[in-house]
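Asks: Provided below for reference: sequence and predicted model.
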Amino acid sequence: MAIILALNPAPIEILKAVDGWVKLLEQEDYQSAYEYTEQNTYYKWSPKLIQAVIYGYGLPVLHANGEVYRITCSDTATEDGRRPQHEINYLEEPLPYEEKEAEIIGQIWYDLPLNGKWSDLTATFKIVRKNTHLTLELAEIHVF
């Protein structure tokens with residue numbers, strides 16, 4: 001079941017929710033990470049695709065250098081010249097969501113820690129407002 005947040009959470013609470021998703025990936029629990037967010041059939045995400053895109057540094061095939069990339073602990077990730085970006089951007093006007101009585105109110109950009117370092121592999125999420133709560137929809141995992 002997808003994460004449920006209060007209707008008006010502080011930004012830190014939203015980022016903590018994304019941290020929870022990253023922790024699941026750190027444990028390589030791709031099934032739970034998949035279930036943690038709402039899914040839109042447009043993106044065609046599956047647990048195996050999430051894993052493949054992370055292992056391939058943004059592509060669903062292994063990276064050209066042969067290295068396999070894995071999510072590692074964000075608490076110990078080194079910056080190595082790159083500071084992680086974790087941003088929330090709220091829309092001026094909500095957008096309709098595919099589900100009745102729901103709307104997209106914002107987006108999140110969250111850089112991921114790979115192989116012990118902060119990377120430019122970024123997960124993006126839509127913030128979806130439903131009648132009684134907010135939830136997150138995984139949009140993309142790509143090099144930004």
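Replies: Structure's in. What do you need?

Asks: List the buried residues in the longest helix along the chain.
Replies: Using DSSP state H, we find that the single longest helix of the chain is helix 11-26. Buried positions in helix 11-26, judged by neighbour count with 16 or more other Cβ atoms under 10 Å: I14, L15, A17, V18, W21, V22, K23, L24, L25, E26. Where C-beta positions appear, they are placed from N, C-alpha and C, glycine not excepted.

Asks: which of these are the two that sit furthest away from each other?
Replies: Pairwise distances across the buried residues of helix 11-26 (Cβ to Cβ) peak at 19.0 Å, for the pair I14 and E26.

Asks: picking that back up, out of the buried residues of helix 11-26, who's nearest V61?
Replies: Closest approach to V61 among the buried residues of helix 11-26 (Cβ to Cβ): L25, at 18.5 Å.

Asks: wait, what's in contact with that closest one?
Replies: Going by Cβ atoms under 8 Å, 6 or more residues apart in numbering, L25 touches A33, I50, I54, I71, L112.

Asks: Equivalent analysis for L136, please.
Replies: By Cβ under 8 Å, 6+ apart, the contact list for L136 reads 2-3, 5, 14, 17-18, 21, 36-38, 108, 125-128.

Asks: most centrally placed residue in the chain?
Replies: For the chain, A123 is the residue whose C-alpha lies nearest the centre (Cα atoms, centre = their mean; 4.1 Å).

Asks: right, and it touches V143 too?
Replies: No. Counting by Cβ atoms under 8 Å, V143 is not a contact partner of A123; they are 11.3 Å apart.

Asks: Show me where this protein has its helices.
Replies: 11-26, 30-36, 47-55.

Asks: Can you give the contact residues for the last one?
Replies: Just to be clear, that refers to helix 47-55. 25, 28, 30-31, 33-34, 59-62, 68-71, 112, 114, 121, 138, 141-142.
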